[in-house]
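>>> Make a model of this:
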Amino acid sequence: MIKIFTSDLKNSIKVNATNLEQIRSQVETKLGYYVYKIVRKSDKAEIDDDDVLTELLTRVKELAVIAYKDKKKGIKVSTSCGDGPKIINATKIKFLKRKAEELFGVKIDHFVKKMDNARINNDQVFTQPLEQYWLVAVIANSSQTKQNDSNTSEFSLTFSKSNESTGKFNLSELKTTELKDKINVMEEEFENVKEKNLKKKQLLSKLSTMSSSLINEKEKIKELNKKIKEKMFKDETTRIASQSEIDHLEAKLVELEIRKKKIATIFKNLANAEKVDICFMIDTTGSMLPYINEAKTVVHKIVDKLRKRFVDFDLRVAYVGYRDHPDGANRVTVFPFTDNIDNFKSFASAVKASGGADECEDVFGGLEEVSKLMWSNMSRVLFHIGDAPCHGKQFHIDAQDSYPSGDPRGLKITDLLKNLTEKNISYYFAEINKSTVKMIDEFTKVLNSLDGSRVKVVNLNSAEDLSELVSSSVSSTITDSKSQSLHCLAGKSLKKISVDRSSLAWKIQNMRQCRATLYKAKFNGEIDDIKDQRIQLTEQKVVIYLAEKPFAKGAIRYAYAGILNGSKFVLKKTASLDPYHNTMKFYTEMIETQLIAKILATKYFDILKIDKNIKFVDVNLIQIEETGEYYSIEEFIPGEFVKWMNNAGGLNEDIYSCALDAFAHWTYQATKEYLIVNDLQGFRLDEKEYLLTDPAISSPEGFNRFSTTNLSLKGIKRFFRTHQCNHICKHLKLAKHKYQILPDRNTGPLNTEITG
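All right, here's what the predicted structure looks like:
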């Protein structure tokens, strides 16, 4: 419910409205004036966006606003007595009359145009430009002009003299006002009669003309009938075509609504991705004392840091401490998930470093307890800190081990790690020394065979490094969760494929030979043609050697090694189980996104001369004939893979790039606000050479293009709400967007040098 006040706060109405246009319409209908702007009553903040209105309505039961009059749309009004003129804002005659009576303090009978005294009888005047009118309000029961007043005086005087001779009447007894009214009525009736007679004459003349032309018209009837039949045929054809167009538009509207709902779900999942469960699994034997002490303070540190980076960041934390089997009841210590950081700190402070027997520890017991915890947030992190391997000779090299055959309670590593993968838990291991290398290698082999994931190893050189390592591990997990969210895959089941990095040996004899169709993509146009043109695909029959298993798994895709014409390629296939994600249309949209981004990047770096070589790799489409499966295919590039930004406003400040941040801004201006290229990621070969791949494009007008990562208007809003223009934006004279709220970025020594 919305309560709308007039600008003087004297009147108000209550309406049900969901957008600004409905509010304006209600004000014009019920309060009788045009609206200039709408502000929140509490703080006078202007509401100029439907999204802002919707957000406000979700927060309060009744929203109070003020609707200010649009004074530019007022009508100039003066009275027949010469008062005025005054500007009155109104949308109908009845509102104009009521407001004029309030302003002038008189009773008004009707309005006439000042220029020709034409009487205004209906609301048609409000459908025309109001600036051209000056209306005169004729006061009820009074003369229209001072000239009429003088005529009345003269009449009264003459009548008085006549009375002197008869002696029967007195001037004061005459009802002068009534006489005037009757005269006016009679004059109006006389004018109506004259008008009717004129119309009658015109009608008779027209009938006479029609009669004389009737004979000629009869001769044309046959020809007209023929033309009518032809026109009916054309109209029917046009109607069918029009209906087809209507059906097409309705289908697009349905598609748009579905896309809007998907985007809303994406942004809900993006917020949920910043909510994290993290469990610290720590070896709590004597040698681990410095790390146990540091764990109790690290949570406060990472919360402060990550809340600055992630707006919706929230954290629950748990603790699993493990020792060894001879420690009995103290073998494992568990603190379940809590969002009370102080309680966690108190628990961790009470943990004592003690116990342990041989060199190996009960790592399996710790993993067992981790799987029993109540994990609930979308992003889930297991951060394992230990300086000794688990029991079982397959997990270490010549370590002192009382249970060389494995866990004495019969626990199996495959079962333990399967529990983690089914709960979608990211496993990080802080390596303190090399005694745990073989254990983590064996764990990774199992994870690779289960779903292609791995244990992510971080080097913990000292206890002081723990805070930074945990923070980066949580950030990385949030980024992976967001990647799934941005491709509409959050919370959905994905393919579980084991990973085998041995295919990177590039041995043809270990690959399968496949006949395939290679579709090469090209775009025949310039930047101005992007809106209306699509990419073209040319077919070519090829033979490719393809690895049986992927060598890597990303957040949403698997990467396979392939050899084509003697060159090394990477073939990428979605991990989604949705049939649509293995269609030519789906892959073509992904390839179009990268090709359009490459065209824009080429133009951008032609304009901007810097000391860096940045470009997008070529990507095409390939279909394996035997299975019908589609893959994207691009050149294999060895190097460090990094992500500079995502397509929802997220920016990696640790590797900030002035050139790429400005590039995203420039694409919006270069395409005349049709699209924006972001989600910039790829390979940093060195400090001056980047090869980009897998970008995203957000386009409100092209909502049904550019794959599932097209976040439409919300994607553009998110980018500009976090974007800070840098020195390259200024150099290119890029216009500020209305959603930009942050100050310009001062990168100082990090500035990319512009050489021309």
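
>>> Would you mind giving both backbone torsions of T517?
Main-chain dihedrals, T517, degrees, to the nearest 10: phi -110, psi 120.

>>> how close does L608 sit to F429?
Look at L608 and F429: by C-beta to C-beta, to the nearest Å, they are 43 Å apart. C-beta here means a position set from N, CA and C on the backbone, and glycine is covered the same way.

>>> meant to ask about T602, not that
43 Å.

>>> Among those two, which residue is more densely surrounded?
It is F429, of T602 and F429, that has more neighbours when counted by other C-beta atoms under 10 Å, with 22 against 12.

>>> which residues does that one bridge with?
H384, V457 (DSSP bridges).

>>> And the pLDDT for it?
What the model reports as pLDDT for F429 is 95.

>>> what sits against it?
Shown in contact with F429 (C-beta atoms under 8 Å, 6 or more residues apart in numbering): H384, G386, T436, I440, F443, V455, K456, V457, V458.

>>> for these, which one is nearest E687?
Comparing the contacts of F429 against E687 with C-beta to C-beta places V458 closest, at 23.5 Å.

>>> Quick check, the closest one in contact with S471.
No: using C-beta atoms under 8 Å, V458 makes no contact with S471, being 10.9 Å away.

>>> what do the two both touch?
With C-beta under 8 Å, 6+ apart, V458 and S471 have no common neighbours.

>>> for the stretch 401-550 of the chain, what spans make up the helices?
For the stretch 401-550 of the chain, the helices defined by DSSP state H, counting those that start in this stretch occupy 413-422, 437-450, 466-486.

>>> Sort out which residues of the first one are buried, please.
Burial within helix 413-422, assessed by neighbour count using 16 or more other C-beta atoms under 10 Å, is assigned to I413, L416, L417, K418, L420, T421.

>>> With pLDDT and distance to L466 as added columns, please give those residues in JSON lines.
Output for the buried residues of helix 413-422, formatted as JSON lines (pLDDT from 0 to 100; distance: C-beta to C-beta, whole Å):
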{"residue": "I413", "pLDDT": "96", "distance to L466": "25"}
{"residue": "L416", "pLDDT": "96", "distance to L466": "24"}
{"residue": "L417", "pLDDT": "95", "distance to L466": "24"}
{"residue": "K418", "pLDDT": "94", "distance to L466": "28"}
{"residue": "L420", "pLDDT": "94", "distance to L466": "21"}
{"residue": "T421", "pLDDT": "91", "distance to L466": "26"}
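
>>> would TSV of those with distance to L9 be doable?
Compiled in TSV, the buried residues of helix 413-422 are given as follows (distance: C-beta to C-beta, whole Å):
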residue	distance to L9
I413	72
L416	68
L417	67
K418	67
L420	62
T421	62
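
>>> Name the nearest of those residues relative to N565.
Taking C-beta to C-beta as the measure, N565 sits nearest to T421 out of the buried residues of helix 413-422, at 37.4 Å.

>>> The closest one reaches G452, doesn't it?
No: shown here, T421 and G452 do not form a contact pair, counting by C-beta under 8 Å, at 9.5 Å.

>>> Spell out which residues are contacts of both of these two.
If you check T421 and G452 against C-beta under 8 Å, 6+ apart, the residues they both contact are K496.

>>> R557 bridge partners, please.
In beta-bridge terms (that is, DSSP bridges), R557 pairs with T574.

>>> ok, it - contacts?
Listed by C-beta under 8 Å, 6+ apart, the contact set of R557 reads K572, K573, T574, A575.

>>> contacting residues for the last one?
Contact partners of A575, counting by C-beta under 8 Å, 6+ apart, are L489, L494, K495, I497, K553, I556, R557, Y558.

>>> what's around N197, how many residues?
10.

>>> Which helix or which strand is home to it?
helix 176-273 (DSSP states H and E).

>>> Now do that helix, average pLDDT.
The predicted model assigns helix 176-273 a mean pLDDT of 71.

>>> ok, then the element right after that helix?
Later in the chain than helix 176-273, the nearest helix or strand by DSSP H and E is strand 275-283.

>>> buried residues in that following strand?
Buried residues in strand 275-283, defined by neighbour count with 16+ other C-beta under 10 Å: K275, V276, D277, I278, C279, F280, M281, I282, D283.

>>> Show me what the second one is bridged to.
Same thing as V276. Assigned bridge partners for V276, using DSSP bridges, are L315, S379.

>>> Tell me who's in contact with it.
Taking C-beta under 8 Å, 6+ apart, we find V276 in contact with F313, D314, L315, R316, N377, S379, R380, V381, V474, T477, I478.

>>> Check the spacing between C279 and N459 real quick.
C279 sits at a distance of 21 Å from N459 (criterion: C-beta to C-beta).

>>> List the contacts of stretch 451-459.
Looking at what lies outside stretch 451-459 - C-beta under 8 Å, 6+ apart - the contacts are 421, 426-431, 440, 443-444, 447-448, 469, 472-473, 476, 494, 496-499, 550, 552-553, 558.

>>> what's the spacing between it and its chain's center?
Centre-to-centre, stretch 451-459 and its host chain are 33 Å apart (C-alpha atoms, centre = their mean, to the nearest Å).

>>> for it, which positions count as buried?
D451, G452, S453, R454, V455, K456, V457, V458.

>>> count of residues packed around L537?
For L537, using other C-beta under 10 Å, the count is 17.

>>> Read off the pLDDT value for it.
On the pLDDT scale, L537 is placed at 94.

>>> Can you spell out which residues form a bridge with it?
Bridge pairing for L537 - DSSP bridges - gives A521.

>>> next one: K568
Beta bridges link K568 to I563, judged by DSSP bridges.

>>> my guess is it contacts F636, does it?
Yes: applying C-beta under 8 Å, one finds K568 in contact with F636, separated by 4.0 Å.

>>> among the buried residues of stretch 451-459, which one has the lowest pLDDT?
For the buried residues of stretch 451-459, the pLDDT minimum is G452, 76.

>>> Look up how far V320 lies from it.
Using C-beta to C-beta, we find G452 at a distance of 26 Å from V320.

>>> what does G84 give?
Distance of G84 to V320, computed by C-beta to C-beta: 84 Å.

>>> So which of these two has more stuff around it?
Between G84 and V320, counting by other C-beta under 10 Å, V320 is the more crowded of the two (24 against 18).

>>> Quick one: list the elements packing against the one helix or strand that one maps to.
Element membership for V320, per DSSP H and E: strand 314-322. Judged by 3 or more C-beta pairs under 8 Å, 6 or more residues apart in numbering; DSSP states H and E, the packing partners of strand 314-322 are strand 275-283, helix 289-309, strand 332-338, helix 341-350, helix 363-372.

>>> tell me which strands and helices the longest one is in contact with?
Counting contacts by 3+ C-beta pairs under 8 Å, 6+ apart, helix 289-309 is packed against strand 275-283, strand 314-322, helix 341-350, helix 466-486.

>>> how far out from the middle of the chain is it?
With C-alpha atoms, centre = their mean as the basis, helix 289-309 stands 33 Å off its chain's centre.

>>> Could I get the buried residue list for that helix?
For helix 289-309, the neighbour count (16+ other C-beta under 10 Å) marks Y291, I292, E294, A295, K296, V298, V299, I302, V303, K305, L306, R309 as buried.

>>> can you list contacts of that helix?
Contacts of helix 289-309 (C-beta under 8 Å, 6+ apart): 280, 282, 284, 313, 315, 317, 319, 321, 341, 344-345, 348-349, 351, 353, 385, 430, 432, 460, 462-464, 466-467, 470-471, 474-475, 653.

>>> In contact with the nearest residue in space to Y560 that is not next to it in sequence, which residues are there?
Spatial nearest neighbour of Y560, excluding adjacent residues (C-beta to C-beta, 6 or more residues apart in numbering): L571 at 4.5 Å. L571 sits next to L546, A559, Y560, A561, G562, I622, Y631, S632, I633 when contact means C-beta under 8 Å, 6+ apart.

>>> Since that was my last question, I'll sign off now.
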